[in-house]
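Asks: Here is my input; please provide its structure:
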Amino acid sequence: MINQVNIQDIVAIAKEAGSCIMQIYDQDFKVECKQDGSPLTLADKRANDIIEDGLNQLSINLPILSEEGKETPYEDRKHWEYFWLVDPLDGTKEFVKKNGEFTVNIALIHKDTPVLGVVYAPALDICYWAKKDEGAFKDGQKLPLKTEGQRNTYKIVASRSHMSDETQTFIDAIDTDKEKELISIGSSLKICLVAEGEADIYPRLGSTMEWDTGAAHVIVNEAGFSLKKYHNFL
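Replies: Here you go, the predicted structure:
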């Protein structure tokens, strides 16, 4: 199935959605609140429409699970062998703040494993992509771009919007001979910084959703790193 997907087609869909997002970004826009209190804008909705339309026009017909799309009960989707996993605008809080640190996330999932992923940051015009067993790339450059030995500090990525006391405790407990340097950035760009070798670790100790991590997960894996479930052994 994965061999039937041209990843550049997915990159093109992500960039089309990103272009729509930027049109709204440069205007005044309303911000709604979803039931969980998270923000929702017209950009989320329109980007989702573009992505779903684009994926539905591909030669393979697969179900879509999107943060802003039709809700599918787990009892139904747990039987899907392949499906698209989408966050049309990851980092809506950063979008609202207009700091540019938001992304379009599109992943292809095989059962419970991401096998293809695209992360596009439209305000920065940076695109990461990866396909299982074919490597990870940033704008065509193979990842990682930097190795641990090229950094004088131990770089830790943290969320601008989700820093917690537990995360700070985790950071304080990291055992390293190097000076710790904290990088704060929004959206799935945090995982992508690890994938490109610009950072050593991104601890996320709070809750998250599969569409927040799916696309970046395969990118970090194909770059030679890993995303692991955290168990508090500290």
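
Asks: Only C-alpha atoms from now on, for both contacts and neighbour counts.
Replies: Will do.

Asks: The residue lying closest to residue 31 once chain neighbours are set aside: what's it in contact with?
Replies: Of all residues beyond its chain neighbours, the one nearest residue 31 is residue 41 (5.1 Å), with distances taken as C-alpha to C-alpha, 6 or more residues apart in numbering. Counting by C-alpha atoms under 8 Å, 6 or more residues apart in numbering, residue 41 makes contact with 29-32, 92.

Asks: which of the residues you listed has the most neighbours?
Replies: Ranked by neighbour count (other C-alpha atoms under 10 Å), the contacts of residue 41 have residue 92 at the top, with 22 neighbours.

Asks: gap between the residue minimising distance to the centre of the chain and residue 102?
Replies: Note on the chain: the residue nearest the mean C-alpha position is residue 188, at 3.5 Å, using C-alpha atoms, centre = their mean. To residue 102, residue 188 is 8 Å away according to C-alpha to C-alpha, to the nearest Å.

Asks: Let me know whether residue 60 touches residue 6 as I believe.
Replies: No: look at residue 60 against residue 6 with C-alpha atoms under 8 Å: they stay out of range, at 10.9 Å.

Asks: Serialize the contacts of residue 41 to JSON lines and add fields for secondary structure, distance to residue 70 and pLDDT.
Replies: Shown next, in JSON lines, are the contacts of residue 41 (DSSP: H, G, I helix; E, B strand; the rest coil; distance: C-alpha to C-alpha, whole Å; pLDDT from 0 to 100):
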{"residue": "29", "secondary structure": "coil", "distance to residue 70": "23", "pLDDT": "85"}
{"residue": "30", "secondary structure": "coil", "distance to residue 70": "22", "pLDDT": "83"}
{"residue": "31", "secondary structure": "coil", "distance to residue 70": "20", "pLDDT": "85"}
{"residue": "32", "secondary structure": "strand", "distance to residue 70": "18", "pLDDT": "81"}
{"residue": "92", "secondary structure": "helix", "distance to residue 70": "19", "pLDDT": "90"}
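
Asks: separation between residue 207 and residue 230?
Replies: Taken as C-alpha to C-alpha, the span from residue 207 to residue 230 is 11 Å.

Asks: More neighbours: which of these two?
Replies: residue 230 (9 against 6).

Asks: With adjacent residues omitted, what lies nearest to that one?
Replies: Distances taken as C-alpha to C-alpha, 6+ apart put residue 205 closest to residue 230, at 7.2 Å, once the chain neighbours are dropped.

Asks: mind checking how far the one you found is from residue 33?
Replies: With C-alpha to C-alpha as the criterion, residue 205 and residue 33 are 24 Å apart.

Asks: Compare the two (neighbour count), which wins?
Replies: Comparing residue 205 with residue 33 by other C-alpha under 10 Å, the one with more neighbours is residue 205, at 18 against 10.

Asks: residues near residue 42, how many?
Replies: Number of residues near residue 42 (other C-alpha under 10 Å) recorded here: 16.

Asks: Over to the residue lying farthest from the centre of the chain: give its phi and psi.
Replies: In terms of distance from the mean C-alpha position of the chain, residue 177 ranks first, at 30.1 Å (C-alpha atoms, centre = their mean). Per-residue torsions, residue 177: phi -80, psi -20 (degrees, to the nearest 10).

Asks: now residue 203
Replies: Note on residue 203: backbone dihedrals following degrees, to the nearest 10 are phi -80, psi 120.

Asks: got the contact list for it?
Replies: Counting by C-alpha under 8 Å, 6+ apart, residue 203 touches 156-158, 167, 170-171.
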